[in-house]
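Colleague: Starting from these lines, generate the structure:
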Amino acid sequence: MALFDACVFAVALLGLFFVGAQLLSAPRRARVLAVAWEPRLRKVVRETLAVHDEPILVDLWLKDVLANATVRDRLAEAVHEEFGVELTDAALRSIRTYGHLVRAVARALTEPVASDRLSVGDPRRAA
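Modeller: Numbering: from 1, shown residues only. Predicted coordinates:
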């Protein structure tokens, strides 16, 4: 009976993982990346937007906070420092939730970039 319970638990955890990955609805390659770098983005959001009181979940509403141009600039700069990608002001204006921000960063990370613009330590640079 204990083995059956362990199997049911493992299947449930696996299901939660796949549902969470699908919530990002980014290309398949970006969904895999999101698992690795998303905690860093959450930290950037927490520090930049001063979201200390509530958990940062996919549906955390950011539209009102990002209505301020100064806040958008600070977030764009922090994302650039952490990930080496640039989010345009138009992209930041279209973000409504934290999930939208994750998708925007995933798109920026997977966009083709001219190799002469990448630094040596950039994870997008081919080895």
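
Colleague: Need the distance between the two termini of stretch 48-62.
Modeller: Using CA to CA, to the nearest Å, one end of stretch 48-62 lies 12 Å from the other.

Colleague: thinking residue 109 is in contact with residue 86, fair?
Modeller: No: counting by CB atoms under 8 Å, residue 109 does not reach residue 86; the two are 11.2 Å apart. In short, each C-beta sits where N, CA and C put it, glycine included.

Colleague: Looking at the two, which is more packed in?
Modeller: Neighbours were counted for residue 109 and for residue 86 using other CB atoms under 10 Å; residue 109 has more, 19 against 11.

Colleague: and that one, what element?
Modeller: helix 98-110 (DSSP states H and E).

Colleague: Next: residue 44.
Modeller: Going by DSSP H and E, residue 44 is part of helix 28-49.

Colleague: Just the C-alpha atoms of the next helix or strand after that helix, please, in PDB.
Modeller: Per DSSP H and E, the first helix or strand lying C-terminal to helix 28-49 is helix 69-83. Output of helix 69-83 as PDB, limited to C-alpha atoms (Å, rounded to 0.1, in the frame of the first residue of the first chain):
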ATOM      1  CA  ALA A  69       7.700  55.000 -16.600                       C
ATOM      2  CA  THR A  70      10.400  55.200 -13.900                       C
ATOM      3  CA  VAL A  71       9.400  51.800 -12.500                       C
ATOM      4  CA  ARG A  72       9.400  50.300 -16.100                       C
ATOM      5  CA  ASP A  73      12.900  51.800 -16.600                       C
ATOM      6  CA  ARG A  74      14.200  50.300 -13.300                       C
ATOM      7  CA  LEU A  75      12.800  46.900 -14.200                       C
ATOM      8  CA  ALA A  76      14.200  47.000 -17.700                       C
ATOM      9  CA  GLU A  77      17.600  47.900 -16.300                       C
ATOM     10  CA  ALA A  78      17.500  45.200 -13.600                       C
ATOM     11  CA  VAL A  79      16.500  42.500 -16.200                       C
ATOM     12  CA  HIS A  80      19.300  43.700 -18.500                       C
ATOM     13  CA  GLU A  81      21.800  43.400 -15.700                       C
ATOM     14  CA  GLU A  82      20.700  40.000 -14.600                       C
ATOM     15  CA  PHE A  83      20.000  38.300 -17.900                       C
END
